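>>> I'd like to go over a predicted model; first the sequence, then the structure.
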Amino acid sequence: MRISATYNTFNIKNKILQMKQFFILFTLLSATQFTYGQKLDDIKALINKQQYKEAKAGIDQFLANAKNAEDADAWYYKGRTYNALSSDKSVPVTEAYQDKIIAFEAFKKAQALDPKEFLFKLEQYLSYLDLYSGFYDLGAKEFNEKKFDASLASFEKALEVKDYILAKKITFDQVTLHPLDTGLVMNAAIAALQANKEDVSMKYFQQMADYNVSGESNLQVYQLLADYYERKKDTDKLQAILDKGRKLYPNDGYWDEIDLRQIKDKPALLAKYREMIVKDPNNFALNYNYAVEIYNLLYNKNDERPDHEDELKTQLTEALKNSIKLDTSIDATVLMANHLYNVAADYGNAATLIKGTKPEDVKKRNELNKLSASAMEECIGYCNSGIAYYDKLPSLSGRQKSNEIIMLGYLIDIYGIKKDAKKVAEYEAKRKTLM
């Protein structure tokens, strides 16, 4: 991802060029209008000649003299010198960043010492606009160089300059700065994320949410905040973001997903899934996740059987059939194979537990064996579909290979029960190639 330095301005670069042209004219005029010490005139001459390194040494020496420490014009020229130096392509990025900070502080000092702000008014305060755009450009450059900590610092300085401009009620003829600079705040948030400073990132995303930013490009703002507040267990802020998310993006299912994760009672959770699926029946994630919840309830590691087990199995089968229709991969098919194998095993185990020879015992045992055989036949179909899908892939991930091995194991077991030695040998040979 690359970040571009885009501004909510008319044409900052043209304005800065105007400022530079004006500054040359102003320098020539000012010598006849004001009386300065010879040294400051010399420094101004160096600036006019764009000899900024020499001007820097001169202005630092000039202000080092205690009698000049309160000279507003000197601080203004210090700001101009350091800001110009920061734009020199030969200056390292870290030095350019520091030069801009020094320039910003110098400009503020000059304003504080000169209530009339004469020099700033003559140049229409464009020095501040140049600093704002300069920090913005620097942040974008650092981001694209993957220097995320430095990028964040530059974007934050751009925000600080912008806020100072607004606080001082400084305006520009062709440029309007806003309390929320959406692009800049977004860039700061992303840079912070890349710098592994999640708390800082969320602070900026929250600023955007506070202004109710909308549009598809800003959906992630609310989703990231919701995920963050959920992990932080900040229920008040989570609910506030969910409310905003639903209002601005009513058709997005993410808010319901988070709601589902807050429900700890299984029956209530399954009921909520069914309610949501009725509203959005073609949502694969809803159908599949609903199936996963039932599957984990039925076939847990502790082998604890839930109440209404048969009803849940029927619901799981239906949920998986719906999921398979919507699935663009093979996950639902694999889960169906697992489910049916377990169903067949449950029926088969139940049949073996009936030891009696009474007609009713024999009848029940036969019924259970038929149900087990039926589930095995269905399982074969889903296993074959899953294996065929994996066989077409150029390579398998660890999870995919594991799934295929499991399904081959099901087929080996089923054909073993059916006493089909040829099929057993075929699938055993295939399984060996994956192990």
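Nice, thanks for sending it over.

>>> Tell me where the model's unsure across the chain.
1-38, 303 (pLDDT under 70).

>>> Please name the nearest non-neighbouring residue to the residue nearest the centre of it.
Centroid-nearest residue in the chain: Leu224, 5.9 Å away (criterion: Cα atoms, centre = their mean). Leaving aside its chain neighbours, Leu224 sits nearest to Phe205 (5.8 Å; criterion: Cβ to Cβ, 6 or more residues apart in numbering). Just so you know, the C-beta spots here come from the backbone N, C-alpha and C atoms, and that holds for glycine as well.

>>> Ok, Ile406 next?
Ile406 sits nearest to Asn338 (Cβ to Cβ, 6+ apart), 7.5 Å away.

>>> if I look at the one you found, how far off is Lys247?
40 Å (Cβ to Cβ, to the nearest Å).

>>> next one: Phe118
50 Å.

>>> so what's the closest residue to Leu326 other than its chain neighbours up against?
Nearest residue to Leu326, sequence neighbours excluded (Cβ to Cβ, 6+ apart): Phe284, at 3.9 Å. Shown in contact with Phe284 (Cβ atoms under 8 Å, 6 or more residues apart in numbering): 323, 326-328.

>>> most neighbours, which of those?
Using other Cβ atoms under 10 Å as the neighbour criterion, Ser323 leads the contacts of Phe284 with 23 neighbours.

>>> which secondary structure element contains the closest residue to that one other than its chain neighbours?
In this structure, Ser323 finds its nearest non-sequential neighbour in Ala332, 3.8 Å apart by Cβ to Cβ, 6+ apart. Assessed by DSSP states H and E, Ala332 sits inside helix 331-352.

>>> right, and the helix or strand after that helix?
Helix 331-352 is succeeded, C-terminally, by helix 359-391 (DSSP H and E).

>>> Please identify the buried residues of that next one?
Neighbour counts over helix 359-391 (16 or more other Cβ atoms under 10 Å) mark 365, 368-369, 371-373, 375-376, 378-380, 382-383, 385-387, 389-390 as buried.

>>> And for stretch 347-359?
Result for stretch 347-359 [16+ other Cβ under 10 Å]: buried residues 347-348, 350-351, 354.

>>> what's the distance between stretch 247-259 and the middle of its chain?
Mean-position distance between stretch 247-259 and its chain equals 17 Å (Cα atoms, centre = their mean, to the nearest Å).

>>> Run through who's touching it.
Taking Cβ under 8 Å, 6+ apart as the rule, stretch 247-259 contacts 212, 214, 219, 222-223, 226-227, 230, 238, 242, 245-246, 272, 276, 280, 283, 285-286, 289.

>>> Contacts only, for the nearest residue to Leu368 once chain neighbours are set aside.
Leaving out its chain neighbours, the residue that sits closest to Leu368 by Cβ to Cβ, 6+ apart is Ala351, at 3.8 Å. Each residue near Ala351 by Cβ under 8 Å, 6+ apart is listed here: 365, 368-369, 372.

>>> Tabulate these (JSON lines), appending distance to Tyr128.
JSON lines is the format used below for those (distance: Cβ to Cβ, whole Å):
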{"residue": "Arg365", "distance to Tyr128": "89"}
{"residue": "Leu368", "distance to Tyr128": "83"}
{"residue": "Asn369", "distance to Tyr128": "85"}
{"residue": "Ser372", "distance to Tyr128": "80"}
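
>>> and which of these is nearest Leu193?
Ser372 (52.4 Å; Cβ to Cβ).

>>> where does the residue nearest to Leu368 sit relative to Ser372, distance-wise?
For Ala351 relative to Ser372 (Cβ to Cβ), the value is 7 Å.

>>> and the gap between the nearest residue to Ala337 once chain neighbours are set aside and Lys89?
Leaving aside its chain neighbours, Ala337 sits nearest to Tyr382 (4.1 Å; criterion: Cβ to Cβ, 6+ apart). Separation of Tyr382 from Lys89 (Cβ to Cβ): 64 Å.
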